[in-house]
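Chemist: Have a look; sequence and predicted model below, questions after that.
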Amino acid sequence: MVQRLREVAVGTRWCWHRWMGVDPRLRYGFCIILYNGDMKIFGACMFVVFLAGTAGGDAVIMRDGSVRYGTMISHSASEVQFRTQRDGISLVVVIPVPQIARIIVGAEAPAPAGQLAVVGGSTAGPASPASLPGPVAPPRPLGGAGAESAPGGAVVPSASEAELAAFASRGFIWELMAGSVGQGPDDVNRLPAADRELWEQAVKAEAGGKRAETLEALRALEAAMHDLPAGQARLEAIARRERQEGFGVWMARVHWELIGGKYSTGQFDFNDVREAERRGLIGLLRKATGEALEPLKPYFPPVDEKTGVPGAFKVAQLQGITAGNALEVKDKALFAAAVLLGQLKLEPEMPGVDRALLYGQLTDVNRVLGRARDLEPLAKAALVRAEQEKKAAEEKARREALIAGQRAATKPK
């Protein structure tokens, strides 16, 4: 009974898609008929559309709960060829069998045992070889090693199968009702147990200030969600609900906190960046650009207030860098260079105007960095001399205090 109700629901949805594909003038006419109260004519028209939809169209129900409507051309042990209409264009898409839960064909009977589950609108007799061109292996169980095989090749649902069934989308209406009670697609409790454990590890590690462990757990979770239908989108929704920030932003922030202070070479280590965190890291680097360049602007060529174009560089602009501040200026220039180079590396498709601006800023930063490095030996020598003078002064003060204490002890009362 439940199976039949689901088939009716899919047929109704197909009817709706066919209804929306009707010429708007005809839909307007149907609405006029309904408005005038002639329900018999309206019902007959809708029945004809429903029959046309269910008899002439097929539906592929995916494992993530989504449904694709069109016409099945053929299917094999590994894929299904499906013709669909999109924006008035006829497309042929190839759908891998492991992604399909079942197929509803408008005029075909259920497939024999051992074939892909194909449910038809007619049960007049068994499917003919012409309609089902060959045996199709059932979809590979998503449970992996957790799934067991019963005699005859049937797959017995395991615990992981149940978890994946709870995670999968149940359709728009059901998810809307579940979301109203806090159990929608953004419910972290619907994650499989192993993925939920990774989530909890990341939360606990971040609370303890262990950024490296947090990033490792987040990367493992992001990789695991690739194997689940709509896993990345669901993970993003869960993070927004639980942490009020996207999952990619969370991963990028932890990664930035881990490497943000390591720029001694003038570059950040962006050799291992996941696609999920790329946009977040670019945003953090853009945000840090103004803060990084502000202390160095006194050494940049002045900008024309009318045109906004920097003037010509003059050596005199670097006179403010001395042995006294060379080390501090060098550190700030290294940070600025790392921020600019990070943006160029993470965003290779950057517009040409923005790229030219970053290269211009990087040129100014490198001039400042070069001058600071030239004065670095003098700055270090001055630092060593200052440290020696400080120690000598402390030693002198200690001796004077000791002598004063001895005099006070030997002074007659």
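Modeler: Now that the structure is in, tell me what you want to look at.
Chemist: Look at the residue nearest in space to the middle of the chain and give its secondary structure.
Modeler: Nearest to the mean C-alpha position of the chain, by C-alpha atoms, centre = their mean, lies Ala276 at 3.7 Å. Of the three states, Ala276 takes helix under DSSP: H, G, I helix; E, B strand; the rest coil.
Chemist: so the closest residue to it other than its chain neighbours is in which element?
Modeler: Nearest residue to Ala276, sequence neighbours excluded (C-beta to C-beta, 6 or more residues apart in numbering): Gly248, at 4.3 Å. (Glycine included, C-beta is placed from N, CA and C.) Using DSSP states H and E, Gly248 sits within helix 247-259.
Chemist: the strands in the stretch 51-200 of the chain, which residues?
Modeler: Secondary structure of the stretch 51-200 of the chain, counting by DSSP state E, counting those that start in this stretch: strands at 58-62, 67-75, 79-86, 89-96, 100-105, 118-120, 148-149, 155-156.
Chemist: Let me see the ranges of the strands in the stretch 301-413 of the chain.
Modeler: Going by DSSP E, counting those that start in this stretch, the stretch 301-413 of the chain shows no strands.
Chemist: that older thread, which residues sit in contact with the residue nearest to the centre of the chain?
Modeler: Residues in contact with Ala276 (C-beta atoms under 8 Å, 6 or more residues apart in numbering) are 222, 232, 247-248, 251.
Chemist: Out of those residues, give me the one that has the most neighbours.
Modeler: Among the contacts of Ala276, Phe247 has the most neighbours (other C-beta atoms under 10 Å), with 27 neighbours.
Chemist: Setting aside sequence neighbours, what's the nearest residue to it?
Modeler: Ala239 (3.8 Å).
Chemist: which residues touch the one you found?
Modeler: Neighbours of Ala239 in contact, by C-beta under 8 Å, 6+ apart: 245-247, 249-250.
Chemist: Now it: which helix or strand?
Modeler: helix 231-243.
Chemist: list the buried ones in that helix?
Modeler: Using 16 or more other C-beta atoms under 10 Å as the test for burial, helix 231-243 gives 231, 234-239.
Chemist: pLDDT wise, what is the residue nearest to Ala276 at?
Modeler: Listed pLDDT for Gly248 reads 91.
Chemist: measure it to Glu376 for me?
Modeler: Using C-beta to C-beta, to the nearest Å, Gly248 is found at 39 Å from Glu376.
Chemist: go on, Ala220?
Modeler: 42 Å.
Chemist: Any idea which helix or strand in this protein has the lowest mean pLDDT?
Modeler: strand 155-156 (a mean of 35; mean pLDDT, DSSP states H and E).
Chemist: Can you list the low-confidence ranges for this structure?
Modeler: In the predicted model, the chain carries pLDDT under 70 at residues 1-58, 65, 85-91, 105-160, 413.
Chemist: the domain parsing of it - what is it?
Modeler: Domain ranges of the chain: 2-139, 166-259, 281-377, per automatic domain parsing.
Chemist: what's the span of the last one, first residue to last?
Modeler: Pointing back at domain 281-377 there. 35 Å (C-alpha to C-alpha, to the nearest Å).
Chemist: Ok, the shortest one next?
Modeler: The first residue of domain 166-259 is 38 Å away from its last residue (C-alpha to C-alpha).
Chemist: Could you give the number of residues near the closest residue to Pro192 other than its chain neighbours?
Modeler: Of all residues not flanking Pro192 in the chain, Glu163 sits nearest, at 4.2 Å (C-beta to C-beta, 6+ apart). Glu163: 20 surrounding residues under other C-beta under 10 Å.
Chemist: what do you get for Ala386?
Modeler: By the criterion of other C-beta under 10 Å, Ala386 has 11 neighbours.
Chemist: And Asp269, by the same measure?
Modeler: Around Asp269 there are 14 other residues, counting by other C-beta under 10 Å.
Chemist: quick one, what contacts it?
Modeler: Asp269 makes contacts with 259, 262, as judged by C-beta under 8 Å, 6+ apart.
Chemist: now with 10 Å?
Modeler: 255, 258-259, 262-263, 338, 342 (C-beta atoms under 10 Å, 6 or more residues apart in numbering).
Chemist: was I right about Asp331 contacting Ser264?
Modeler: Yes: using C-beta atoms under 10 Å, Asp331 makes contact with Ser264 at a distance of 9.0 Å.
Chemist: if you count what's nearby, which of those two comes out ahead?
Modeler: The residue with more neighbours, out of Asp331 and Ser264, is Asp331; 15 against 10, by other C-beta under 10 Å.
Chemist: How about the contacts made by the more buried one?
Modeler: Contact partners of Asp331, counting by C-beta under 10 Å, 6+ apart, are 263-264, 295, 369, 372.
Chemist: Good, we can wrap up now.
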